[in-house]
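>>> Show me the folded form of this:
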Amino acid sequence: MDAIADKTRDQPVADEARPSRAEAEAAVEVLLRWIGENPKREGLIDTPRRVVKAFEEIYGGYRQDPASVLERTFEEVAGYDEMVLVRDIDFTSHCEHHMVPIIGRAHVAYLPEGRVLGLSKIARIVDIYARRLQTQEAMTEQVAAMIDGALTPRGVAVMIEAEHMCMSMRGIRTKGSSTVTSAFYGAFRNDPAQQARFTALALKR
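Predicted coordinates:
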């Protein structure tokens, strides 16, 4: 898939190339005028400032390095080598085509090879990639590739279930429909039994 193969996705724009905060706020004001609003009315006077501040949080993943989150691993695992699965990681991302929300949950598993991750680190990786403009397919692959590269486990599996507001709010307006994507590395790709076990546990309710 071209979107996943495009390495520029993981290379955020350098700080010196970013517009200033004042320029960003001015751009929001332009959009308000474009939709037919009056940015000078009482309820909208501070909206450009608020939007830019919100964007700093919503898109904070561009200022975080996912690789640094996974630098620390643990080797004292008492010989444990079975699946580690973190299920139902809630996230909100934004579609790179329309900049409207993608609301979903991720299920992430790996098969240890002598080292394990802190469980919160897995959720943080999902959160970092979610806080960028995304396609669900690319985000699924990014999470799996990052964990595989940092930990070199025997296998990695990622499944994401999400509702796309670009389908629910506009266009075909299919409210309530969800999209499921998955990525499998190592044993999860090569062993159908491991893949089936992950899928069953991830979707178990």
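>>> got the contact list for the helix or strand containing residue 143?
Following DSSP states H and E, one finds residue 143 within helix 136-151. For helix 136-151, contacts defined as CB atoms under 8 Å, 6 or more residues apart in numbering pick out 1, 3-4, 9-10, 66-67, 70-71, 73, 93, 102, 104, 106, 108, 110, 112-113, 115, 117, 122, 125-126, 129-130, 153, 156-160, 162, 164, 179, 181-186. No exception for glycine: its C-beta is placed from N, CA and C like everyone else's.
>>> Now which of those would you call buried?
By neighbour count, with 16 or more other CB atoms under 10 Å, these hold 4, 9, 66, 70, 73, 93, 102, 104, 106, 108, 110, 112, 117, 122, 125-126, 129-130, 153, 156-160, 162, 164, 181-186 as buried.
>>> Among those residues, which are located in helices?
4, 66, 122, 125-126, 129-130 (DSSP state H).
>>> Return the member of the residues you listed nearest to residue 21.
Distance to residue 21 across those (CB to CB) is lowest for residue 130, with 23.5 Å.
>>> so what's that closest one up against?
61, 91-93, 102, 139.
>>> Apply 6 Å and report the result again.
91, 93 (CB atoms under 6 Å, 6 or more residues apart in numbering).
>>> repeat for residue 69
Residues near residue 69 by CB under 6 Å, 6+ apart: 121, 124-125.
>>> any idea which of the residues you listed is the one closest to residue 57?
residue 124 (15.1 Å).
>>> What is the burial count for the closest one?
Residue 124 is flanked by 17 other residues according to other CB atoms under 10 Å.
>>> before we move on, what about the one 3 residues further on?
Residues contacting residue 127 under the criterion other CB under 10 Å number 20.
>>> Okay, it and residue 29: tell me how far apart.
To residue 29, residue 127 is 30 Å away according to CB to CB, to the nearest Å.
>>> How about residue 99?
From residue 99 to residue 29 the distance is 17 Å (CB to CB).
>>> likewise residue 162?
Relative to residue 29, and taking CB to CB, residue 162 is found at 32 Å.
>>> Ok, residue 54 next?
Separation of residue 54 from residue 29 (CB to CB): 15 Å.
>>> State the pLDDT value of the nearest residue to residue 164 once chain neighbours are set aside.
Nearest residue to residue 164, sequence neighbours excluded (CB to CB, 6 or more residues apart in numbering): residue 102, at 5.4 Å. Here, the pLDDT recorded for residue 102 equals 95.
>>> List the beta-bridge partners for residue 102.
For residue 102, the beta-bridge partners are residue 93, residue 164 (DSSP bridges).
>>> my guess is it contacts residue 163, does it?
No - taking contacts as CB atoms under 6 Å, residue 102 lies outside contact range of residue 163: 7.4 Å.
>>> and residue 25, how many neighbours?
Per other CB under 10 Å, the neighbour tally for residue 25 reads 19.
>>> Contacts only, for it.
48-49, 52 are the contacts of residue 25 under CB under 6 Å, 6+ apart.
>>> Among those residues, which lie within helices?
48-49, 52.
>>> Scan these and report the most crowded one.
In terms of neighbours by other CB under 10 Å, these top out with residue 48 at 21 neighbours.
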